Each structure stands twice: as C-alpha cells, then as structure tokens.
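>>> Need a 3D model of the following:
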Amino acid sequence: MRIAILGVGSLGTIIGAFIAQGGKEVELVDVNQAHIDELNKSGAKIIGSTNITVPVKAITPKEMTGKYDLVLLLTKQLYNDSILTELLPFLDDNSVVCSLQNGIPEEKIATLIGKERVVAGSVEFGGTWVKPGVSKLTTAYETFKDHAFEIGELDGSITDRIQHIKSILDLVGNTVISTNLDGTKWSKLLVNVALSGMSAALGCTFGEVIENKYGVISAVHLADETIKVGKAKGIKFASMHGFDIASIEIKNEIDIQNRVETFRTIFKPQSLLKASMLQDLEKKINTEIDCINGVIPYHAKGTGILTPFNDLVVKLVKNAEEYRTIPKFDTNIQYFKELVNELNLVSYHYKKRVDS
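Here you go, the predicted model:
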C-alpha cells in the first residue's frame with residue numbers, strides 16, 4: 001500500500017515518524033526543501049513528551065510519482081485549490097484522501113477530487129515544528145497514545161476502507177471511528193476556535209490562555225458561540241474523550257464559573273501547545289483564521305446569533321497578518337477584558353472567585 005503524508009509540518013512529521021516506525025512505507029511530502037533534506041539525512045526527530053528518531057523517506061511534490069492508495073492531507077486549507085488539483089494525477093479510482101486538516105473542509109475537498117475519494121478525520125494531539133527534521137509533541141504522551149485521531153466516512157458508515165485506515169493510524173495512537181462525522185469535526189473545531197484562536201490572538205500557549213482570568217473566560221465564550229451556531233445548523237456535537245463537549249454551552253451567567261473550571265481541567269494536558277496559527281504568525285505567513293474562527297460568524301449569518309468573541313479573534317489575527325507582527329499578550333488581553341466587561345459577562349461574585 002502506497003501512503004503519502006501531504007504537508008509535513010509539526011503534525012505531519014510526528015505522524016510520519018510513527019507510521020514509519022510501525023513498519024509501513026510512507027512518503028513525507030512537503031515544499032520545505034531544508035526540512036526534506038534533514039528528514040532524509042537524519043530521520044524524523046520527535047521531542048517533547050517523547051524522544052525518538054525514525055528514518056523516513058521525504059520528498060517534494062515535484063518528486064511524486066505513480067498512484068497513491070492513501071493520502072493523509074495535513075496542508076493548510078489556504079492552499080487546497082492548488083494542492084488538490086496538483087494531487088489528482090497521483091490518484092486512481094480507489095485512492096482515498098483522508099483529511100486531517102483543521103476546521104470543516106471536507107465539502108470543498110469533495111468538490112475538487114470527488115466525494116467518493118474523501119474520508120475525514122481530526123487530529124486529537126498537538127505539536128510544534130522546531131526546525132528542519134525536528135517536531136515537538138506537546139500533548140502528554142499517554143494522552144497522545146490513548147486518543148490520537150477520530151476518522152469517519154462522510155455518510156457515517158463503517159466500511160472496510162475506514163477500518164484499514166484506522167489500522168494505519170493506530171500505529172501513531174489510538175484511532176476512533178466516528179459515525180457522526182459532522183459532530184466530530186465541529187467538536188474539534190470548537191477546541192480550535194476556543195484555544196487555538198486565543199493562542200494566536202494573544203501570542204501564547206494554551207496553558208497561558210486557561211490560566212489567565214480574561215483569557216479563559218473568553219475561550220469559554222468562543223466555545224459557547226460555536227455550540228450555539230452549530231446547534232442552529234443542526235449539528236449534534238460528538239463527545240471528546242468521553243466528555244460531552246456541548247455541555248460547555250452557557251445558559252446563564254452563573255454557568256461561567258463552572259465552564260472556566262471545566263476548561264482548566266479538561267485542557268490541562270494541552271497546556272504546552274502553541275497554536276499552529278501562532279506558529280504561522282511567527283513565520284510571518286498567513287494563517288487559517290478564516291477557516292477556524294472565521295467559520296463561526298460566517299455560519300451565524302441569518303441565525304440572529306452574535307459572535308463578538310470570534311469577531312475579535314479574527315480581527316486581531318488578521319491585524320497581525322497584515323503587519324507581520326506577533327501578538328503581544330499584555331496588549332491584546334486588554335481587548336478581551338474590555339469585551340467581557342462591556343458585555344457584563346462576569347458578575348462581581350464571579351470576579352472575586354476567579355481573582356482569589
């Protein structure tokens with residue numbers, strides 16, 4: 001079976017290393033020549049919550065040949081039109097492209113390569129690209145191995161091919177097959193909206209978001225906006241690691257305190273993670289903000305649901321893109337503080353509890 005990983009940044013490098021370590025032949029495909037050269041020379045080195053170096057085969061897109069049976073898609077959605085058009089000659093009728101991109105890109109992917117070729121998934125762990133040949137696994141190793149992916153057919157069916165893809169991804173970490181793909185993707189989108197969005201807007205790690213009073217309150221409201229918009233679209237949010245993600249929805253102001261405590265508990269294992277969008281800003285390249293936080297106000301149109309926190313995140317990240325700057329935490333947290341206070345989202349009693 002010919003396997004390719006298309007887009008070998010932090011996550012692609014980690015995935016490629018573990019699949020290769022598991023004995024499968026896999027080609028790591030990326031446009032970063034320095035990264036490709038180092039991978040071929042020294043192997044894929046994974047640091048952080050583990051420490052391994054695995055020999056891998058890495059190539060540029062220009063070096064691709066023949067047909068692939070399975071392509072794991074980890075490129076940025078920004079480039080899907082060109083990348084997937086260029087991928088078509090390397091697919092046959094039975095080829096499968098498993099989207100592991102952030103957000104909910106499957107509908108667009110299907111229009112480009114054919115719905116019958118597409119399965120979807122979400123990556124449940126985090127990584128940071130360190131330098132050519134080296135990626136850092138930022139999720140606790142036990143958590144990573146216990147729940148690495150969720151994948152599924154677009155129609156929710158359990159097929160032989162989805163079972164086979166699971167067997168390959170299980171070499172990386174435990175892979176769950178979802179029969180509620182939309183719910184799975186929206187649940188993962190919620191995490192990206194709430195924590196990746198704040199990480200990019202503030203220039204910090206997930207841990208710094210959830211430990212800051214206004215950072216975590218804002219993350220809770222980003223999640224709440226996502227749930228309300230998703231429900232308006234008929235989405236049934238899937239549980240994550242056994243947790244009912246839809247239970248984060250805010251019904252009244254009293255809920256906020258409990259939601260903050262929940263966030264700090266369930267996302268503690270992700271504390272070291274730094275959003276890939278922030279890594280993009282550090283590289284002075286554009287992010288996927290329109291495909292993450294921008295999705296919520298887009299789908300809120302016509303529902304009457306307001307999305308002020310997502311609007312603010314998009315505004316701050318786009319400002320950083322325009323001026324090629326890295327957001328400063330102390331500066332940007334003030335905008336969220338002002339929004340929280342402006343909307344009177346925190347009672348005096350709650351502020352005393354959080355401050356204490």
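>>> For Gly9, give its distance to Met277.
Distance, Gly9 to Met277, using C-beta to C-beta, to the nearest Å: 12 Å. Quick note: C-beta positions are derived from backbone N, CA and C, even for glycine.
>>> Compare the two (neighbour count), which wins?
Per other C-beta atoms under 10 Å, whichever of Gly9 and Met277 has more neighbours is Met277, with 27 against 20.
>>> Helix or strand for that one, just tell me which one.
helix 276-282 (DSSP states H and E).
>>> Buried residues of that helix, list them for me.
Ser276, Met277, Leu278, Gln279, Asp280, Leu281 (16 or more other C-beta atoms under 10 Å).
>>> and what of stretch 135-145?
Buried, per 16+ other C-beta under 10 Å, within stretch 135-145: Ser135, Lys136, Leu137, Thr138, Thr139, Ala140, Thr143, Phe144, Lys145.
>>> which residues touch the most centrally placed residue in the chain?
By C-alpha atoms, centre = their mean, the chain has its centre lying nearest to Asn102, at 4.1 Å. Residues in contact with Asn102 (C-beta atoms under 8 Å, 6 or more residues apart in numbering) are Gln77, Lys188, Leu189, Asn192, Ser196, Ser276, Glu288, Cys291, Ile292.
>>> just Asn174 next, same as before
Lys145, Asp146, His147, Ala148, Phe149.
>>> go on, Asp30?
Gly7, Val8, Gly9, Gly12, Ile36, Ala58, Thr60.
>>> and with 6 Å instead?
Counting by C-beta atoms under 6 Å, 6 or more residues apart in numbering, Asp30 touches Val8, Ile36.
>>> and if you look at the one 5 residues further on?
Counting by C-beta under 6 Å, 6+ apart, His35 touches Pro132.
>>> Run the chain-centre distance for the helix or strand hosting it.
His35 is located in helix 33-42, with elements delineated by DSSP H and E. Here helix 33-42 is found 25 Å from its chain centre; the criterion is C-alpha atoms, centre = their mean, to the nearest Å.
>>> Just the mean pLDDT for whichever helix or strand comes after that helix, thanks.
The helix or strand immediately downstream of helix 33-42 is strand 44-48, counting by DSSP H and E. Average pLDDT, strand 44-48: 98.
>>> Name every strand pairing with strand 44-48 and say which way it goes.
The pairing partners recorded for strand 44-48 under DSSP bridges are strand 52-54 (antiparallel), strand 134-137 (parallel).
>>> which parts of that strand are buried?
Neighbour count says strand 44-48 has Ala44, Lys45, Ile46, Gly48 buried, by 16+ other C-beta under 10 Å.
>>> so what secondary structure elements neighbour the helix holding Met277?
Helices and strands touching helix 276-282, as assessed by 3 or more C-beta pairs under 6 Å, 6 or more residues apart in numbering; DSSP states H and E, comprise helix 197-202.
>>> Export only the CA atoms of the helix it packs on, formatted as CSV.
Taking C-alpha atoms only, helix 197-202 is exported to CSV below (Å, rounded to 0.1, in the frame of the first residue of the first chain):
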residue,chain,number,x,y,z
GLY,A,197,-7.9,31.1,18.3
MET,A,198,-6.9,32.6,21.7
SER,A,199,-3.4,31.3,21.4
ALA,A,200,-2.9,33.0,18.1
ALA,A,201,-4.7,36.2,19.1
LEU,A,202,-2.6,36.5,22.3
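>>> and that helix, average pLDDT?
98.
>>> If you tally nearby residues, what's the number for the residue lying closest to Ser196 once chain neighbours are set aside?
Nearest non-adjacent residue to Ser196, counting by C-beta to C-beta, 6 or more residues apart in numbering: Ala275, 3.8 Å away. By the criterion of other C-beta under 10 Å, Ala275 has 29 neighbours.
>>> in terms of contact, does Ala275 touch Ala201 like I think?
No. Taking contacts as C-beta atoms under 6 Å, Ala275 lies outside contact range of Ala201: 9.1 Å.
>>> Could you tell me the end-to-end distance of stretch 70-83?
This stretch, stretch 70-83, spans 16 Å end to end (C-alpha to C-alpha, to the nearest Å).
>>> chain center to that stretch, what's the gap?
14 Å.
>>> how about it: buried residues?
Leu70, Val71, Leu72, Leu73, Leu74, Thr75, Lys76, Gln77, Leu78, Asn80, Ile83.
>>> repeat for stretch 84-98
Applying 16+ other C-beta under 10 Å to stretch 84-98 flags Leu84, Leu87, Phe90, Leu91, Ser95, Val96, Val97, Cys98 as buried.
>>> now do stretch 195-213
Buried, per 16+ other C-beta under 10 Å, within stretch 195-213: 195-210, 212-213.
>>> Need the contact partners of it.
215-216, 219, 222, 263-264, 267, 270-271, 273-275, 277-278, 293, 313, 316-317, 326-329, 332, 354.
>>> Please apply the same query to stretch 143-158.
Here stretch 143-158 makes contact (C-beta under 6 Å, 6+ apart) with 119, 121-122, 124-125, 159, 162, 169, 172-179, 181, 184, 241, 269.
>>> end to end, how far does that stretch reach?
First residue to last in stretch 143-158 (C-alpha to C-alpha) measures 25 Å.
>>> Sweet, I'm off.
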